[in-house]
Structure formats: C-alpha cells, structure tokens
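# pasted the sequence and its predicted model underneath.
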Amino acid sequence: MKPATKVGLAFLGGFACARFLHRKAEVIKWSAGDSLDDLVSAHSENLRLHYSHYDEKFQRLRRSDPEAAAGEATLFSLLKTYFRASPEPADEPGTGGVDFICHRNGDEFVVEVTSLNPDTVHARSGISPTVDESSGGAFQMVTTSLFNKACGKADQLSGYSCARVLAITSTHFASSFLLDTQGAEWLLTSEPRIQIPAGEPDRPVRMTTDLQNSIFFGPDAERRISARRKSISAILLIGIFGDQSNVVGILHPEPAHPLDIGHFREVPFIRLSRWPIVGGVIRTEWVVDSPQAKTFWHSMVKPALM
C-alpha cells in the first residue's frame, strides 16, 4: 500500500478543506538527458516512420502552436513508454476526432489532448512564464481556464463506445503546482469559499462552493445536483517541465463509459466517494492503482446550494 502524508485542516485559498490524507501527483521522468525539444522531435520522427499521413499535420501544429505540439508529443510518449497503452494516432486529417486510440489488457479507450498556453497561465495566475522572470508573491489558480478547456472538448469526445480521457497539459513552469492535486480538486468541486455567519459568533465557519466551475456536476433548474459532460470519462492534468511531467486525474461520477484507472498506474485520481450527492454534502476521495494495492484517502467539501 502506498503511504500518504497526514496533514491537518488545510485552508486552500480562502477555503477550509478537511483533508485527512494527501497525495502528490505522479512524477514521471521521460529518460535521462532528453529535453522537451528532443521529445517533440522523436515524436515527429515516429510519425514520419510509422504514421506518415499524420506527420504533415503534426508539422503544421509544431509551427503554428508549439505548446499544443509539445503536449501531444509528451502524452504519446507517456502512453506508449510509461502506461504501456499502445497509442495510435486517431485524428484523421480532414475529418477530426480524438488524438489517440489506446489498447491495454484487452480494453480500449481514447485520449484527446489540449494545452494551456503559458501566456494564458500567466494572465490567469499572475505567475510569469519562466522562473527567471518570476518575482514571487501572490498568485491565483487557473481553475476557470481548465474548466473552459474541458467544456470546449466535451462534444469532441462524444460518440465513442469506450472510455474517453481528456488530457490538459501546460509547459508553464508553475504547472507543477497549478495542475497538481489542488488544481484537480478545484476543477472537480469548483473553487472553494469560507462562509462566515454574519452576526452569529456561535455558528461555525463552513466550507462551501457554488459549483460554478465544477466540471462534472452542478445544480439543475430545481437546485438538485446532477451530472454534466458525461462524454468525458476522466481528465488528466499534466504539468510539463524539464525532463519530466506531473500527472493527476479526475474521475466523472456518472460517465457514459467509465475508465479503468488501472490503465494509469500510480496516477492519483480524485473522485466523489458518494453519488448521487445526498444532503448537499460533497464527499471526495483520492484513489490510486498501484502494483501492490489500491490506496484511498479522503477529503470533504460542503456546497452552499440553499
């Protein structure tokens, strides 16, 4: 069983979150000495040799959007060498579709890749794109940017008769923590708040969220919490820096096709521990599939949907 680090009551950006056990993202090194440029070049060469009709499209992407090309190359490498998922390009030139189709242990799933531009991360977070330009100080999470990216890909992931994974990548140096476990928690439940009862000193401070940027569920017209964007089985947040990547996941509570997290060994996924939501209380848990056992640790948030 994988060990987890115990922490006390944590205040996350103005939010009291009871996190009893905490897990960091899975850190994956590509290979000794390889830079991101090396990885992109290797992916291009692989396409040229084995999937030649995709190479021209990737070369255009590399020229027009280097960030997107880096995300695609990184994820293909992770799927092939680390997760052993036998990825193949699936976005047919001129017809569209997801980026990759994967086969592992007799199971099939598809993966779409999208990226956050470093300038977008800078504008949203207040953190300069490089370490040398950054002066420290206050910053904001990029929940809204992640939410908008996922929303924009929901339709593209529909129509497949297997699990569908959306990967959101960023090469911004701060992606190591902006796209870490806290980023995943806030994308699942929306950014949290502290609710302080005015004029009632005896009433406790509450943990709340309005679910505005909750990617997989939210209030319907009758104020009941219902599932949204079922076409996405899971989201991977992938920070790319140096010669390694941080990877965390978010599971949909009611997807059209569920994902077996065993395909992504060692990657921690956050999910709802109880669905449907009862009594307006959101309970979440982190789960990871490891060679030894499945490890769980818990957190809880309480939405203000009165």
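Yep, it's here. Residues are numbered from 1 along each chain as shown.

# quick one, longest helix in this protein?
helix 36-50 (DSSP state H).

# quick one: the helices in the stretch 151-300 of the chain?
Assigned by DSSP state H, counting those that start in this stretch, the stretch 151-300 of the chain shows helices spanning 175-178, 181-189.

# mind telling me which of those the model trusts least?
Among the helices of the stretch 151-300 of the chain, helix 175-178 carries the lowest mean pLDDT, a mean of 91.

# what stretches of the protein score poorly on pLDDT?
1-24, 30-33, 93-95, 130-137, 197, 199-200, 291-306 (pLDDT under 70).

# so which residue is dead centre in this structure?
For the chain, Leu237 is the residue whose C-alpha lies nearest the centre (CA atoms, centre = their mean; 2.7 Å).

# next, the contact list for Asp220, please.
Ser226 (CB atoms under 8 Å, 6 or more residues apart in numbering). The way it works is simple: take the backbone N, C-alpha and C, and place the C-beta from them, glycine included.

# please apply the same query to Ser115.
Ser115 touches Asp65, Glu67, Ala68, Ala70, Gly71, Ile168, Thr169, Ser170, Thr171, counting by CB under 8 Å, 6+ apart.

# quick check: the residue lying closest to Gly159 once chain neighbours are set aside vs Glu254, distance?
Counting by CB to CB, 6 or more residues apart in numbering, Gly159 lies nearest to Ser231, which is 7.9 Å off, once chain neighbours are set aside. Applying CB to CB, to the nearest Å, the value for Ser231 to Glu254 is 12 Å.

# reformat the helices of the stretch 151-300 of the chain as JSON lines; add mean neighbour count.
JSON lines is the format used below for the helices of the stretch 151-300 of the chain (neighbours: other CB atoms under 10 Å):
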{"stretch": "helix 175-178", "mean neighbour count": "22"}
{"stretch": "helix 181-189", "mean neighbour count": "25"}
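
# minimum distance to Asn105: which of these has it?
helix 181-189 (25.0 Å; CB to CB).
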